[in-house]
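*Asks:* Take this sequence and fold it.
(one chain, ligands or ions: 1)
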Amino acid sequence: MSHADQSVNRQSLLAAADHARALLDAMVRLDEDTPVAPELAQRLESVLELLADHVQPVEAMVGGRTADRSGPRKGSYRDRSPISGVLNPIAPPVTLRVMDDHTANTTTTLGLAYQGPPGRVHGGFVASLLDHIMGYAAGTVGTWIFTRSLTVDYDHAVPLFEELAISARVDHIDGRKIWVVGEIRAEGSVVARARGLWLPPRAVPKGNEG
Ligand SMILES: CCCCCCCCCC(=O)SCCNC(=O)CCNC(=O)[C@H](O)C(C)(C)COP(=O)(O)OP(=O)(O)OC[C@H]1O[C@@H](n2cnc3c(N)ncnc32)[C@H](O)[C@@H]1OP(=O)(O)O
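*Replies:* Model prediction:
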């Protein structure tokens, strides 16, 4: 495929991911008596039939950069992230900024697909957002790092439909241990805070030695 065709294809994939996000939003807002339910199920089944011969094998998507797989994985690992992957429809629209000063930040606005208590973001998703942005801040210190511990304080409701500013910074490093703090602000006020520990594995995960 030429560069120009690749670029057009990527734009189509990004548009498809956005449509899938809009679909998730519509699904959680559907009235259970909706008359379009049978047609909706049929149309989605045909979309899945269209994709069946084109999805990459699971083995190509797990493991690391050089993991055994039948062919090269096409596309970036980061694009598939459930929190910030532009091609993963369960990821909200998020643009990550990772800075040289061991900080990371982003803004996002969440809709009903992320609702916990009425009008508020689900607490598990609040933790996921913090884990992810804090993980990127920790990642500025070492390439491979895992969350070892994460403590979240839910100070106030994290609102749906309002812009959330999520930020994280490396607080201190103690040997292998990378301690990170993070927070979420809505309308300038802190609504959730977190502190956590990130660690590199003792050995580089299989498939990522190169
Ligand atoms: C650039 C890429 C950015 C990517 C961002 C995406 C972020 C995504 C984040 C994730 O989703 S990570 C997935 C969820 N996490 C995991 O799956 C990790 C599972 N745990 C492990 O694999 C291992 O525990 C781990 C590799 C993290 C560490 O194993 P180790 O055997 O090297 O360490 P150990 O568990 O014994 O703990 C190391 C030290 O931390 C200490 N420690 C652990 N928990 C602690 C705690 N809560 N408070 C204080 N210290 C703590 C522990 O006592 C010990 O201290 P010492 O070394 O001084 O003895």
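
*Asks:* relative to its centroid, which residue of the chain is most remote?
*Replies:* Pro35 (33.2 Å; CA atoms, centre = their mean).

*Asks:* How about the backbone phi and psi for Ser84?
*Replies:* Main-chain torsions, Ser84, degrees, to the nearest 10: phi -130, psi 10.

*Asks:* my read: Pro201 touches Thr143, true?
*Replies:* No: with contacts counted by CB atoms under 8 Å, Pro201 stays clear of Thr143, the gap being 10.7 Å. Every residue, glycine included, has its C-beta placed from N, CA and C.

*Asks:* Show me which of the two is the more surrounded one.
*Replies:* Higher neighbour count among Pro201 and Thr143: Pro201, with 12 against 9, using other CB atoms under 10 Å.

*Asks:* give me every residue that touches the more buried one.
*Replies:* Trp144, Phe146 (CB atoms under 8 Å, 6 or more residues apart in numbering).

*Asks:* That one and Ala194, how far apart?
*Replies:* 22 Å (CB to CB, to the nearest Å).

*Asks:* And for Tyr136?
*Replies:* 13 Å.

*Asks:* Roughly how far does Ala165 sit from Arg120?
*Replies:* From Ala165 to Arg120 the distance is 17 Å (CB to CB).

*Asks:* tell me the secondary structure for the most centrally placed residue in the chain?
*Replies:* The centroid of the chain falls nearest to Ile83 when counting by CA atoms, centre = their mean (1.1 Å). Following DSSP: H, G, I helix; E, B strand; the rest coil, we place Ile83 in the coil state.

*Asks:* Test my guess that it contacts Leu130.
*Replies:* No: between Ile83 and Leu130 there is no contact under CB under 8 Å: 10.0 Å.

*Asks:* How many neighbouring residues does the residue nearest to Ala20 when sequence neighbours are not counted have?
*Replies:* Among residues not flanking Ala20 along the chain, Pro89 sits closest, at 3.4 Å (CB to CB, 6 or more residues apart in numbering). Using other CB under 10 Å, Pro89 is surrounded by 18 other residues.
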